[in-house]
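# Turn this into a model:
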Amino acid sequence: MSEEIFKPIKGYENRYMVSNKGRVFSNTRGKGWKEIKGWIENVRGYRRIELDNKPVMVHRLVAEAFIPNPENKDTVNHKDENKLNNCVENLEWLTNTENHNYGTRNARVGKALQKPILRIDKETGQILQRYDSLKDAVKDGYDHSAVSRVANHVDCKQSGGYRWEWESNYV
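Numbers count the residues shown, from 1 in each chain. A predicted model of the protein is given here:
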């Protein structure tokens with residue numbers, strides 16, 4: 001395990017410093033260094049603190065202080081995908097595209113967006129097939145856009161000769 005190293009935060013020298021372990025300290029009152037705990041964002045889950053009443057993300061402070069960025073990449077990535085692990089060894093600079101395609105993100109987002117959809121006989125109303133997702137229905141040859149429009153009740157009542165409903169909306 002590496003030794004904890006502290007560096008001043010650019011633009012806030014002598015008042016704030018950050019460590020390679022992801023800890024931030026304040027000396028704003030000249031009364032000695034005190035750790036700032038900050039808070040965890042409700043929406044995205046990153047640790048934030050305030051520097052002179054300006055909210056900033058801790059992982060970004062660590063990266064800016066300890067990781068060279070010669071290609072001027074704009075996003076700091078958590079290699080282990082744990083947004084609270086702000087140790088310098090866990091961080092790296094990426095482009096937005098690289099970050100969006102990193103690790104298990106796409107699989108997690110896809111799973112979160114996956115909604116079961118039902119293929120229904122337009123005459124009898126009988127459920128003929130349940131698909132785990134619209135993507136699965138498309139694999140069977142149904143048109144993505146048309147099925148989606150029917151299931152979302154956008155201007156058409158059928159596609160491929162069937163009614164379509166999101167399972168969560170089916171009554």
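
# can you pull the contacts of the residue positioned nearest the centre of the chain?
The chain has residue 44 as the residue nearest its centroid, 6.4 Å off, counting by Cα atoms, centre = their mean. Remark: with contacts taken as Cβ atoms under 8 Å, 6 or more residues apart in numbering, residue 44 is in contact with residue 83. No exception for glycine: its C-beta is placed from N, CA and C like everyone else's.

# Next, work out how far apart it and residue 140 are.
36 Å (Cβ to Cβ, to the nearest Å).

# still on that earlier bit, quick check: the residue nearest to the centre of the chain is in a strand.
No - in this structure, residue 44 is coil, not part of a strand, as judged by DSSP: H, G, I helix; E, B strand; the rest coil.

# Toward the C-terminus from the helix-or-strand element of the chain with minimal mean pLDDT, list the very next helix or strand.
The helix or strand of the chain with the poorest confidence is helix 105-113; it has a mean of 66 (mean pLDDT, DSSP states H and E). Once the chain leaves helix 105-113, the next helix or strand it forms, by DSSP states H and E, is strand 117-121.

# quick one: strands adjacent to that following strand?
Next to strand 117-121 in the sheet, as set by DSSP bridges, lie strand 127-131 (antiparallel), strand 162-166 (antiparallel).

# Would you mind giving the ones you listed as JSON lines with mean pLDDT added?
Below are the strands paired with strand 117-121 laid out as JSON lines (pLDDT from 0 to 100):
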{"stretch": "strand 127-131", "mean pLDDT": "95"}
{"stretch": "strand 162-166", "mean pLDDT": "93"}
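
# Deepest in the core, which of the ones you listed is it.
strand 162-166 (a mean of 19; mean count of other Cβ atoms under 10 Å).

# Residues in contact with that one: which ones?
Contacts of strand 162-166 (Cβ under 8 Å, 6+ apart): 115-122, 125, 128, 137, 147, 150-152, 157-158.

# Write the PyMOL selection for whichever of these are buried.
Of these, the buried ones go into a single PyMOL selection, burial set by 16 or more other Cβ atoms under 10 Å:
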select buried, resi 117+118+119+120+137+147+150+151
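
# For the chain, which segments count as helices?
For the chain, the helices defined by DSSP state H cover 58-66, 96-100, 105-113, 134-139, 144-151.

# Buried residues of the fourth one, list them for me.
It refers to helix 134-139. Quick answer for helix 134-139 (16+ other Cβ under 10 Å): 134, 137.
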